[in-house]
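Trainee: Build me a model from this:
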Amino acid sequence: MLKASKKTAVVEASASFGRFAAGEDPAKREQIIAGAKQVFLRMGFDAASMNDITREAGVSKGTIYVYFQNKEDLFEAMVETEREAFLSALRIILASDADVETNLYSFGIRFLEHLTDEKIITAMRMVLGVRERMPELCSRFFKGPQNLRTVLHEYIVRQVANGRLVIDDTDLAAGQYLDLASGSFFKFRLFGTMPEPPSQEEMARVIRGAIRVFMAAYGRNDESVIARETQGA
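Mentor: Sure thing, here's the model as predicted:
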């Protein structure tokens, strides 16, 4: 506890004078991660080297090792940074005061855009490729502690408490909506049978269908807003 307190004091004191202790500058850390991302996406995990990342990030080799122990440590940080940025964007969507159908639609479209993006597919393949050497990374990437399912689950729990949804098993419901919303696109993209992301029209069709099914099972009313709009169109 004493060592941690001293370290915190050094960081705070350095920051107050516009400087950071070694390995504590968040901007420098982000710069290195951004460079690593470009290298990993371009070359893959195995082919990438710390020298490649050093050149791309525009830092010295000594600097990069102050922040990260090795390539595996850097790859893990990149994955966690990207994942948290995506989850933060989804939390903002689900924080809206709009009705459930509207929020689920916005969430679903953002989810599909992310899930089928070429950079994300490449990253997913890299994570799966290192699963034997880095099983803990794969576990965190797909399971948590905070992941897509837990973010949606938190929203569903709030809507049940507000009386907008009627659900006994909220965790199951969150998984069901994600399965409905994915439309098998992720599998097709991951295994190369769908070379390009689906069109916006196709994503909208799948998400609207997912919402109709979800609200039919868990909505407070017999018909959802989107179902009524579709019938009246």
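Trainee: Just the pLDDT at Ser14, thanks.
Mentor: Note on Ser14: pLDDT of 43.
Trainee: Now do the top helix by length along the chain: everything it contacts.
Mentor: The residue-count maximum for a helix in the chain (DSSP state H) belongs to helix 71-94. Outside helix 71-94, the residues that touch it by C-beta atoms under 8 Å, 6 or more residues apart in numbering are 29-30, 32-33, 36-37, 40, 45, 48-50, 53, 64, 68, 103, 106-107, 110-111, 114, 123, 126-127, 130, 133-134, 137, 140-141, 146-148, 151-152, 154-155. Every C-beta, even on glycine, is put in place using the N, C-alpha and C of the backbone.
Trainee: which parts of that helix are buried?
Mentor: When burial is assessed from 16 or more other C-beta atoms under 10 Å, helix 71-94 yields the following buried residues: 71, 74-79, 81-83, 86, 90, 93-94.
Trainee: nearest to Gly163, of the residues you listed?
Mentor: Leu94 (17.2 Å; C-beta to C-beta).
Trainee: Apart from its neighbours in sequence, what residue is nearest the closest one?
Mentor: Spatial nearest neighbour of Leu94, excluding adjacent residues (C-beta to C-beta, 6 or more residues apart in numbering): Tyr155 at 4.2 Å.
Trainee: Can you give me the neighbour number for that neighbour?
Mentor: Using other C-beta atoms under 10 Å, Tyr155 has 22 other residues around it.
Trainee: which strands and helices sit next to whatever helix or strand it lives in?
Mentor: Applying DSSP states H and E as the criterion places Tyr155 in helix 148-161. If you count contacts as 3 or more C-beta pairs under 8 Å, 6 or more residues apart in numbering; DSSP states H and E, helix 148-161 packs onto helix 71-94, helix 100-116, helix 170-182.
Trainee: would you list the ones you listed in CSV and tack on distance to Arg220 and mean pLDDT?
Mentor: Formatted as CSV, the helices and strands packed on helix 148-161 follow (distance: least, C-beta to C-beta, whole Å; pLDDT from 0 to 100):
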stretch, distance to Arg220, mean pLDDT
helix 71-94, 18, 89
helix 100-116, 9, 94
helix 170-182, 14, 94
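Trainee: So for Ala217, which of these sits nearest?
Mentor: When these are compared (using C-beta to C-beta), the closest one is helix 170-182, at 7.8 Å.
Trainee: Show me which positions of that closest one end up buried.
Mentor: Here helix 170-182 shows 170, 173-174, 176-178, 180-182 as buried, counting by 16+ other C-beta under 10 Å.
Trainee: just stretch 37-57 next, same as before
Mentor: In stretch 37-57, counting by 16+ other C-beta under 10 Å, buried: 37, 39-40, 45, 48, 50, 52-54, 56-57.
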